[in-house]
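> Any chance you can model this:
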Amino acid sequence: MDIRPILSTLLRHKTAAALIVLEIALTCAIICNALFMVGERLTQMREPSGVAVDELVRIQIIPVGNDADAAAQTRSDLQVLRGLPGVKAATTTNQVPFVNSSWNSGVNLVPDQQQPTVVATTYMGDEQFLDTFGIELVAGRYFTSDELVPNDDFSDPEKEVTIPGVVVTRKLAERLFPGQDPLGKAIYVWGDTPVSIIGVVAHLVRPSSLGGPGARQYSLIVPVRANYDLGGQYILRTTPERRQEILASASEALRANGPKRIIIEENTKTFRELRDEYYQQQRSMVWLLGIVCIALLLITALGIVGLASFWVQQRSKQIGIRRALGATRGQILRYFQTENFILATIGIVIGMILAFGINQLLMGRYELPRLPLVYLPVGAVALWLLGQVAVLGPARRAAAVPPAVATRSV
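The predicted model follows:
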């Protein structure tokens, strides 16, 4: 089909054509970034946490006043909890996944490094830490009981404590030593004393979103016995069907074992509840962005339908003359579809440029990664199809204009 008549017509209707191009461009830019953000959030929600979410419960307590012997109380609590029917394992730690705060430390590869190589979150783990959380050890070994450091010693700046080693996630190991075996490698986390990596776990998610999606698996475990007054995190593993029962019985057992403590009821939950609450904002954002995408596509489709209908009305006589000169209905239909394809293509090209500009802004302000190129052809195909479907009705009406229309006012 000769497109010169189409271009000539578009040049005579610059304003209307420019508005449709602008609408398509903005829709393309927003849709590409919105789909990318939806994909990122869905990826985060599907990300393996490394812990047995459906088998874990968390009880959080705080002491009333200062506990002079928190370490002894913690040992007593764990003995009671591990003896409860239905409890497979129990531990205490300084933090748990699926909350909005985390303990973080800069990890260096050489001493006196000005900027840390990476910022990782630090879990304190005792001998039952891995078994309680259900974390998979994929290389090396875990700590032995005699390697564990008391929390009082670890937290005292006046004491020189030797950390026998750390266990890191696979993602953190790859970030620190790409393509190498991390076992036995030294890192610097607390001062200028090197600490060796003795084990690697498959996954262990960071409690918060610090560092963005790419840093969610930058975690390390240190051999420290955390006292109950350090965040008050008691974690118990049981079967999924007994979680609520264990929450109730464990809470009562802790109250009886040490009356000068308060159980924080709103934070005493199953890990499934913690996870669902943590990702609630992500799910809401996915729904919101989905609604925005649908609304933009509908508005763009209505704009194309409106403009095409207007042009059909304005060019009824021209269409009738073409029909009288031998143009078939199929040729008239293809004319309007080609016209729409040209406008959509111009708008999509401009929209792709705008999409990258919006992505650069989001990268700078919200720590989003770069927009993958795959989203551009997806957005382009969607808008091309939308344009062809939207113009189909007006184009069919144009093709149905009888040749007699051309002679009514001649």
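> now the helices for the stretch 151-300 of the chain?
Chain-ordered helices for the stretch 151-300 of the chain, with DSSP state H, counting those that start in this stretch as the definition, fall at 151-155, 170-176, 243-257, 271-278, 280-314.
> Redo these as a markdown table? Include mean neighbour count.
C-beta here means a position set from N, CA and C on the backbone, and glycine is covered the same way. Converted to a markdown table, the helices of the stretch 151-300 of the chain look like this (neighbours: other C-beta atoms under 10 Å):
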| stretch | mean neighbour count |
| --- | --- |
| helix 151-155 | 17 |
| helix 170-176 | 21 |
| helix 243-257 | 17 |
| helix 271-278 | 18 |
| helix 280-314 | 15 |
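> Quick one, which of the ones you listed gets closest to Ile3.
Ranking the helices of the stretch 151-300 of the chain by their distance to Ile3 (criterion: C-beta to C-beta) puts helix 280-314 first, at 15.8 Å.
> Okay, angle between the closest one and helix 271-278 too, please.
On the basis of axes from the mean of the first three to the mean of the last three C-alpha atoms, to 10 degrees, helix 280-314 is oriented at 40 degrees to helix 271-278.
> Which strands or helices does helix 280-314 pack on?
helix 14-46, helix 329-366, helix 375-399 (3 or more C-beta pairs under 8 Å, 6 or more residues apart in numbering; DSSP states H and E).
> Make a markdown table out of the ones you listed and add mean pLDDT.
Formatted as a markdown table, the entries for these read as follows, by pLDDT from 0 to 100:
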| stretch | mean pLDDT |
| --- | --- |
| helix 14-46 | 83 |
| helix 329-366 | 80 |
| helix 375-399 | 80 |
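> Mean neighbour count and distance to Glu245 for those - can I get that in JSON lines?
What follows is those, written out as JSON lines (neighbours: other C-beta atoms under 10 Å; distance: least, C-beta to C-beta, whole Å):
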{"stretch": "helix 14-46", "mean neighbour count": "18", "distance to Glu245": "28"}
{"stretch": "helix 329-366", "mean neighbour count": "18", "distance to Glu245": "42"}
{"stretch": "helix 375-399", "mean neighbour count": "19", "distance to Glu245": "47"}
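> Nearest to Gln281 among those would be which one?
helix 14-46 (9.1 Å).
> Now render the helices of the stretch 151-300 of the chain as CSV, adding mean pLDDT.
Compiled in CSV, those are given as follows (pLDDT from 0 to 100):
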stretch, mean pLDDT
helix 151-155, 78
helix 170-176, 95
helix 243-257, 93
helix 271-278, 93
helix 280-314, 83
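> just so I know, which of those helices lies nearest Leu42?
Nearest of the helices of the stretch 151-300 of the chain (C-beta to C-beta): helix 280-314, 6.6 Å.
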